[in-house]
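>>> Structure of the sequence below:
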Amino acid sequence: MLMKNRFKKSLHDLIRGIRGCKDPEATDKYIRDAMSECRQEVLSQDMDIKSMAVLKLAYLQMLGYDMTWASFNVLEVMSSPKFAHKRVGYLAAMQSFGVDTDVLMLATNMLKKDLASSNHLDVAMAISGLSNIVSPSLARDLAEDLIKMMNHSKPYVRKKAVMVMYKIFLQFPEALRTSFPRLREKLEDPEISVVSATVNVICELAKKHPKNYLPLAPQLFNILTTSSNNWMLIKIIKLFASLAPIEPRLKAKIIPPITNIIQTTTAMSLLYECINCIVSGGMLSKDDEQLATMCVGKLRIFFEETDQNLKFVGLLAYNKIVLTHPLLVAQNADVIMDCMDDPDLSIRERAVELVVYLVNTDTLFEVVKRLMLQLIPQSRDQVLPEHYRTEVVRRILDMCSNNTYANVTNFEWYIAVLVDLIKITEGVKDIGAEIGMELQNVAVRVRSVRDYAVGASARMVTDKDIMIKNPGVLKYAGWIIGEYAIYLDNPEFILDTIVNIEPQTLSDDIKAVYIHAIPKIYCQYAGNDRIPWTHSRAQEILQLTENIVTYLEKYSTSMDIEVQERSVEFLEMFRLIALAIKERPADDSDLTPPALVSQAMPSMFNFWELNPVSAKAQKRIPIPEGLDLDEEFNVPVVYSESEDEEEALLREQIMKQQELNSSKNVNTASPSVIVKAKSKSKSSREAAPSESEDEEDMERRRQERRRRQAEDPYYILESDKVASKSRKPRRDSSSSESSGPEDPMKNEKLDIDSIPIMKLEIASIAAPVTKKKSKRHRTQPAHVEIAKEETFGDENGTIVDPDEIAQRRSSARAAPHRAKNILRVDARGLENYDLDSADEDEADRQEVEKFKAEILEARKKAAKAAEEEVKATHIVVKKKKKKAKVVKRVKKSNEKIDDKASQKAAEEDNEKNDDKAEDKVDDKVEDKVEEKIDGKEE
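Now for the predicted structure:
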């Protein structure tokens, strides 16, 4: 009863009270009251009450309440001699302490004391607590103590000491070098749990720098062949997967035991790690057909199990094996396709990644159909994540465009697929642009399907739903209908649709494409020579032209520079066309359209056909000899700050121009030099003075320029620096741009003949791609011509790498944002830590220690010399003071003698003068000594 009354509220009471609260408000009030009680209880001198308060705070901290304010009280409970109290303190510390906790600096000696305890439970508890609260300073101070604990008599302590060393290495990598021999010894420990802990630590360390642990390969191989502990075998196999790429000779050694495990084990986890070790460790080459067959056959067992995790890891392994043995993986296409219909989204994602490698001309249609069904929800309640829908679309595009559309035999079907994808993926961000880019690529490369691509693009441009839900494709659809307007069935309707679109509906980049497509479509409609030019047709085209002018006028003042530039350029042209049509006779006497419509504008777009160009073509063009790409085209001209300097610069430029003219010996007009403008008006430009111009002329022009500047309301004068002879105006960016810098190349002789003529060899743009006929094909597919990319220096053209196409397509994709994993350990300090540099580091350490010893010895000598100097100074001061007293006594005695012996006045006067001079000297010496002593004491 006494013990029960001592505790105001135990942990059991606290939990029961929280569970008894009926609503969140009551719970919150109850916990606040409990926190207030704990604040009072942790101040108690009774360790039982304090430890119970800390235990309750640890429980509340798990519920999300802060207890960092009680860090010092937790440290007090940790230092209790009772094991029950100490255990509560370490528990609270593991939950609430962090690397930046202030009281950790006070815990070093307490941890050292617990690690040296004779009770192995105290040692184990200290090690467990340290693994959660270790900081760089604690790791540095306690590393030696923990290395000693690795040889503890109790296996329980040795195992914990080995495990905590990994946390020590993360905070203090230097401890790895000193503890590595002891860590190596633990691989041969008689206790299997200690060996397993050591293997675990080495496996984690090898992930960052596996080269350090190659010397341990013989011992690890011995454990691999003798141990029957599956979990330890898994760690060793993972470790060998990290070591095998560094040491290729390990492959011949570890393949037999791993193969034996694959054939004999029944543990699925161990089986997967063995297969993953062979694949990830670079041991499975294209020639290892038998080994690959065994791995693929064993992985099929994973899909026969009901465990979803086994299916997931099986697909991960298939994704790695398919890179070297796609045919073997394709033999299991049935189980992979079944995984595409699995309810688990993660399994479907892995299956979608894998199915890209399994397609050919026979299976492409079926695979694409199955993938498109993945984009359609199976029920109204099902909501597919946006990233999954985006990934499925990208996989469809990648598998169809692979190897320059080698598997596509019907491009009309492919365009229909792209159109369906646009409708299915409405609302998915950024995917419309990727589909549009693929549609543009097909239209450019495959001539035979351009009319179908243009028709599909025209329907997209006129579809209002696409404008709202998937506008990214309109940029490429607008480019297609403009570039290949000859295939349009109703160009007038397309133009009317474009010019009547509301400005706020589309983005600026789409507007720029539409504006550029308008004149191309207009040429096709208005310049069609198959339709006779009559008065009624002229009126129709005039009305369309005026609508286009009105449309372009809206964007001629756009804030987007691309939209504004294109609008202004074509606006003037369409105004001229409208004027030319109006000038035609009102009757049908002249049946020829204006030359601007029939000849001028079409010649701007229809002269050359736009073909695909290789991305590497520009890199293959050699740089002309003598061309320096780093040299500036226009060397910046330094303008003077005063009028006198400007006039000197003007004279120098005139002299250079005259010398250049005399060297050319050519009858030319007198040169003119543009002087930097002092205002924004055109009247500020003045011609350079000629050779006959004298000082009076220049003074007159200077006065006239000053008068114009004073009258110019836009010219800004310096308010505080107005002189009578020279005035410094502010030079803004507008004035400098209006005048323009002088051409630095104007004095150089321009030699056109010295420019080399490069011969650009363009590959055939319409060479057909030869396809190998598969033995399994029953019917030969239709022949489709696919335009190759133009390049430089290769007559046969270049087939684009599929990876390059995918990279080009994904250039606009935004990098996915990945949330930070709070469970991931930061081991960046171990990445570049090399144990092989031990000798160099030891030599550097010895050199540093020697340098420190020399500095310490020099400090000791300096301190000793200063002490001796101070003692000597004190002795001199004493002697000077004694001498001063004697002098004063002599002075007094001499004064008495002067009163008694007046007959010796001359001699007494001489003695007085001598005494005064001596007193002055002594006073000066005494003052200097006292100042020196004060300086030494300070």
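>>> Just the buried positions in the one helix or strand residue 239 maps to, please.
Element membership for residue 239, per DSSP states H and E: helix 230-243. Under the neighbour-count criterion of 16 or more other CB atoms under 10 Å, helix 230-243 has 232, 233, 234, 235, 236, 237, 238, 239, 240, 241, 242, 243 buried. C-beta: built from backbone N, CA, C; applies to glycine.
>>> Now do the helix or strand hosting residue 159: everything it contacts.
Per DSSP H and E: residue 159 is located in helix 155-171. Helix 155-171 has contacts (CB atoms under 8 Å, 6 or more residues apart in numbering) with 120, 123-124, 127-128, 130-131, 134-136, 138-139, 142-143, 146-147, 149-152, 175-176, 179, 183, 186, 189, 191, 193-194, 197-198, 200-201, 204-205, 825-827, 829-830.
>>> low-confidence ranges in the protein?
For the chain, applying pLDDT under 70 flags the ranges 1-8, 586-590, 635-654, 656-694, 709, 711-783, 790-848, 851-852, 869-938.
>>> can you pull out the strands in it?
For the chain, applying DSSP state E gives no strands.
>>> ok, and the closest non-adjacent residue to residue 593?
In this structure, residue 593 finds its nearest non-sequential neighbour in residue 533, 4.6 Å apart by CB to CB, 6 or more residues apart in numbering.
>>> quick one on the thing from earlier: buried members of the contacts of helix 155-171 into ChimeraX, please.
ChimeraX command restricting those to the buried ones, with burial defined by 16+ other CB under 10 Å:
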select :123,124,127,128,130,131,134,135,138,139,142,143,146,147,149,150,152,175,176,179,183,186,189,194,197,198,200,201,204,205,827,829,830
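>>> Now, the contacts of helix 155-171 that are in helices?
120, 123-124, 127-128, 130-131, 136, 138-139, 142-143, 146-147, 149, 175-176, 179, 183, 193-194, 197-198, 200-201, 204-205 (DSSP state H).
>>> what separates the helix holding residue 239 from the chain centre, distance-wise?
Offset of helix 230-243 from its chain centre (CA atoms, centre = their mean, to the nearest Å): 33 Å.
>>> got the contact list for that helix?
By CB under 8 Å, 6+ apart, helix 230-243 touches 192, 195-196, 199-200, 202-203, 206-207, 210, 213-214, 217, 220, 223-224, 227, 250, 254, 258, 261, 265, 267, 269-270, 273-274, 276-277, 280-281.
>>> Mark which of the residues you listed are buried, thanks.
Buried among these (16+ other CB under 10 Å): 195-196, 199-200, 202-203, 206, 210, 213, 217, 220, 223-224, 227, 250, 254, 258, 261, 265, 270, 273-274, 276-277, 280-281.
>>> Using the record, which stretches count as separate domains in this structure?
1-96, 103-208, 490-606, 618-765, 838-937 (automatic domain parsing).
>>> Can you give me the neighbour number for the residue nearest to residue 312 when sequence neighbours are not counted?
Leaving out its chain neighbours, the residue that sits closest to residue 312 by CB to CB, 6+ apart is residue 347, at 5.6 Å. If you count neighbours by other CB atoms under 10 Å, residue 347 ends up with 20.
>>> I'd like the distance between residue 347 and residue 317.
According to CB to CB, to the nearest Å, residue 347 stands 13 Å off from residue 317.
>>> next one: residue 568
60 Å.
>>> And those two? Which one has more around it.
residue 317 (21 against 15).
>>> how about the helices of the stretch 351-500 of the chain, start to end?
Remark: helices assigned in the stretch 351-500 of the chain by DSSP state H, counting those that start in this stretch are 364-374, 386-401, 411-424, 431-445, 450-461, 464-469, 474-483, 491-499.
>>> Packed most tightly, which of those would that be?
helix 474-483 (a mean of 25; mean count of other CB atoms under 10 Å).
>>> Pull the residues that contact that one.
432-433, 436-437, 439-440, 443, 453-454, 456-458, 460-461, 466-467, 488, 494, 506, 509-510, 513-514, 516-518, 520-521, 610.
>>> The helix holding residue 159 to helix 136-149, inter-axis angle?
150 degrees (axes from the mean of the first three to the mean of the last three CA atoms, to 10 degrees).
>>> count of neighbours near residue 529?
There are 9 residues near residue 529, going by other CB under 10 Å.
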